[in-house]
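*Asks:* How does the following fold in three dimensions:
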Amino acid sequence: MSNSKRETAGVHQGTNGRRFHFLQLISKNIAVVLTYAMKKTASLFSFLLIIAILSVSSYAFDGPLQVKNQFPLFLNVSAPYLETASLQDSFAASLSHSSIYLVERSTEWDIGLDMEITELNLQFRKSINNFIELGVEVPILSFNSGFMDGFLNSYHDTFGFPDYGRGNRPDNKFLYEVKKNDRLIVKGESGRIAVGDIRVTVKKTLLKGNPAISVKGEIELSTGEPETGYGNGSVDTGISLLMDKRLGEVWKTYLNLGVVFPGDLKGHERVNLDPFLYGGAAVEAALWKTISLLGQVFVQGSPFPETGISSVDRTAVLLSLGGRYHSGNSSFELSLTEDPNTSGAPDFTLNVAFIKNF
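*Replies:* The predicted structure follows:
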């Protein structure tokens with residue numbers, strides 16, 4: 001190679017090295033900024049809760065946060081979420097982005113999940129003569145390698161949260177593969193956008209007043225593709241009991257308890273799924289006419305048979321904190337969700353939602 005070519009190659013290598021170093025520096029700085037913002041958000045939330053306690057005004061309440069468990073193995077098994085007992089006339093668009101890491105194997109199962117999931121969930125609800133509510137939900141999903149690994153490593157280190165062993169794999173590298181006895185069940189695709197399983201719901205008020213109690217039934221149709229993780233290939237059903245209880249002028253609580261009866265997972269191979277219980281509680285504090293703060297906890301069992309992998313078999317827990325801004329008949333909400341039990345749930349979920357009441 002001539003001297004001029006060697007010099008040119010050296011220049012290119014030096015340039016690429018500087019670019020890589022620059023990208024690493026940018027990623028680290030972003031992680032530091034976001035971590036700092038998380039700390040400040042937690043402090044602000046605590047401060048505003050104190051204001052809520054001292055407030056004496058009476059304002060509207062819109063129910064729990066629009067948060068759903070986006071753990072890939074549970075997402076398409078009629079994934080439940082918390083909601084109000086009140087009948088609603090509304091349209092809601094909820095955009096969630098989650099980071100998931102689980103790479104483990106047992107004597108029968110081999111589960112590899114290293115991805116980020118983005119879901120746009122469209123909900124339509126119609127109250128008929130204030131007697132019964134009909135609803136339909138259309139999820140639009142995308143699995144990707146993502147961009148959050150660097151931030152999440154710093155986030156977990158800062159707050160002392162476990163990270164499932166995320167550091168054992170390269171950052172932002174996609175993996176979605178589930179096997180049983182070395183036979184492929186599900187193999188996901190990065191970057192694809194597809195419709196998941198569509199859900200139809202019916203809600204009926206049992207008791208009006210304070211508390212308010214309703215019962216909800218649901219059917220999830222097989223509209224997503226099970227081989228690539230966008231559905232489970234079967235019809236799922238579920239029923240739940242919902243209760244709202246107002247505590248004075250500022251506070252309102254929401255309690256849900258339900259059971260889901262899933263069909264089988266019909267991927268590349270068939271897997272029998274089990275019924276599971278779920279439940280949760282939420283607290284909403286109306287601070288002013290336009291702002292409220294919310295905190296909630298949600299738990300659910302696993303629909304999978306015993307896998308020998310504790311991160312799948314143990315109870316999933318989601319802890320969410322967020323706020324809601326009201327503008328006329330519309331509201332906007334933002335929330336962050338963490339998994340304190342490190343099983344059956346994403347590491348971290350960011351959710352934004354728009355709700356229009358009619």
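
*Asks:* Flag the shaky bits of the stretch 51-200 of the chain, pLDDT-wise.
*Replies:* 51-60, 147-172 (pLDDT under 70).

*Asks:* which stretches of it form strands?
*Replies:* Taking DSSP state E, counting those that start in this stretch, the strands of the stretch 51-200 of the chain run over residues 90-105, 109-128, 132-144, 175-180, 183-187, 193-195, 199-207.

*Asks:* send the alpha carbons of stretch 112-124 over as PDB?
*Replies:* Output in PDB follows, covering the C-alpha atoms of stretch 112-124 (Å, rounded to 0.1, in the frame of the first residue of the first chain):
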ATOM      1  CA  GLY A 112     -34.800 -14.400  24.900                       C
ATOM      2  CA  LEU A 113     -36.300 -11.000  25.100                       C
ATOM      3  CA  ASP A 114     -34.100  -7.900  24.500                       C
ATOM      4  CA  MET A 115     -36.100  -5.200  22.900                       C
ATOM      5  CA  GLU A 116     -38.200  -2.100  23.100                       C
ATOM      6  CA  ILE A 117     -41.900  -2.100  22.400                       C
ATOM      7  CA  THR A 118     -44.000   0.900  21.100                       C
ATOM      8  CA  GLU A 119     -47.700   0.500  21.300                       C
ATOM      9  CA  LEU A 120     -50.500   2.900  20.100                       C
ATOM     10  CA  ASN A 121     -53.700   1.800  21.800                       C
ATOM     11  CA  LEU A 122     -56.900   3.300  20.400                       C
ATOM     12  CA  GLN A 123     -60.000   3.000  22.700                       C
ATOM     13  CA  PHE A 124     -63.600   3.900  21.900                       C
END
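
*Asks:* circling back: reformat the strands of the stretch 51-200 of the chain as TSV; add distance to K289 and mean neighbour count.
*Replies:* (Each C-beta comes from the backbone N, C-alpha and C, glycine too.) Shown next, in TSV, are the strands of the stretch 51-200 of the chain (distance: least, C-beta to C-beta, whole Å; neighbours: other C-beta atoms under 10 Å):
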stretch	distance to K289	mean neighbour count
strand 90-105	19	20
strand 109-128	24	20
strand 132-144	26	19
strand 175-180	44	19
strand 183-187	47	18
strand 193-195	38	14
strand 199-207	26	16
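
*Asks:* Would you map the helices across the protein?
*Replies:* In the chain, the helices defined using DSSP state H lie at 3-54, 72-75, 149-159, 310-313.

*Asks:* In this structure P303 contacts V271, no?
*Replies:* No - at 9.7 Å, P303 does not count as touching V271 under the criterion of C-beta atoms under 8 Å.

*Asks:* follow-up on the earlier one: could you redo the strands of the stretch 51-200 of the chain as CSV and give each row distance to T349?
*Replies:* Shown next, in CSV, are the strands of the stretch 51-200 of the chain (distance: least, C-beta to C-beta, whole Å):
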stretch, distance to T349
strand 90-105, 4
strand 109-128, 9
strand 132-144, 14
strand 175-180, 17
strand 183-187, 21
strand 193-195, 19
strand 199-207, 19
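
*Asks:* Which one of those strands lies nearest to S320?
*Replies:* S320 lies closest, by C-beta to C-beta, to one member of the strands of the stretch 51-200 of the chain: strand 90-105, at 11.0 Å.

*Asks:* Quick one: list the elements packing against that closest one.
*Replies:* strand 109-128, helix 310-313, strand 348-357 (3 or more C-beta pairs under 8 Å, 6 or more residues apart in numbering; DSSP states H and E).

*Asks:* show me the contacts for the closest residue to Y176 other than its chain neighbours.
*Replies:* Nearest non-adjacent residue to Y176, counting by C-beta to C-beta, 6 or more residues apart in numbering: G188, 2.9 Å away. Neighbour list for G188: P72, M115, F143, F174, Y176, E177, T228, G229 [criterion: C-beta atoms under 8 Å, 6 or more residues apart in numbering].

*Asks:* Ok, P80 next?
*Replies:* Contacts of P80 were listed using C-beta under 8 Å, 6+ apart, and they are K68, N69, G238, S240, N256, G258, V260, Y278, Q300.
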